[in-house]
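Peer 1: The sequence and its predicted three-dimensional model are supplied below.
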Amino acid sequence: MIAIWNNKIIAESNETVVVENNHYFPVNSINNKYFENSDMHSICPWKGEASYYSLIVDGKTNKDAAWFYPNPKEKAEQIKNHVAFWKGVKVVSD
């Protein structure tokens, strides 16, 4: 799977984990130069507290467009150290 935003590949992996129709990419498969930590957080009743990244590609920012669960609840343990996307990020088969 490939995640693309602003015509750049921001993540690529053959080992994504699909949860609720979202592909979660292993953290080692993201291109760190496009990611910036965000102060945004949200709560999922069964996954736990999510943290976010904003994407910065060629001078454009997509605020809070990636999320991850640093300490997921037990039922979501499979997405620990994984990142998912929204807000216009295209996730397609390679």
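Peer 2: That came in fine, so what should we check first? Residues are numbered from 1 along each chain as shown.

Peer 1: Can you get me a residue count around the nearest residue to Trp5 once chain neighbours are set aside?
Peer 2: Once flanking residues are discounted, Trp5 sits nearest to Val89: 4.6 Å by Cβ to Cβ, 6 or more residues apart in numbering. In short, each C-beta sits where N, CA and C put it, glycine included. Number of residues near Val89 (other Cβ atoms under 10 Å) recorded here: 17.

Peer 1: Quick one: residues contacting Val89.
Peer 2: Val89 sits next to Ala3, Ile4, Trp5, Ile10, Leu55, Asn62, Ala65, Ala66 when contact means Cβ atoms under 8 Å, 6 or more residues apart in numbering.

Peer 1: do that again at 10 Å, thanks
Peer 2: Ala3, Ile4, Trp5, Asn6, Ile10, Ala11, Leu55, Asn62, Ala65, Ala66 (Cβ atoms under 10 Å, 6 or more residues apart in numbering).

Peer 1: if you look at those, which of them are in strands?
Peer 2: Ala3, Ile4, Trp5, Ile10, Ala11, Leu55, Asn62, Ala65, Ala66 (DSSP state E).

Peer 1: How about the last one: which residues does it bridge to?
Peer 2: Listed by DSSP bridges, the beta-bridge partners for Ala66 are Tyr53, Phe85.

Peer 1: next one: the third one
Peer 2: Using DSSP bridges, the beta-bridge partners of Trp5 come out as Lys8.

Peer 1: What does the pLDDT read for it?
Peer 2: You'll see Trp5 listed with a pLDDT of 98.

Peer 1: I'm done for today, thanks for sticking with me.
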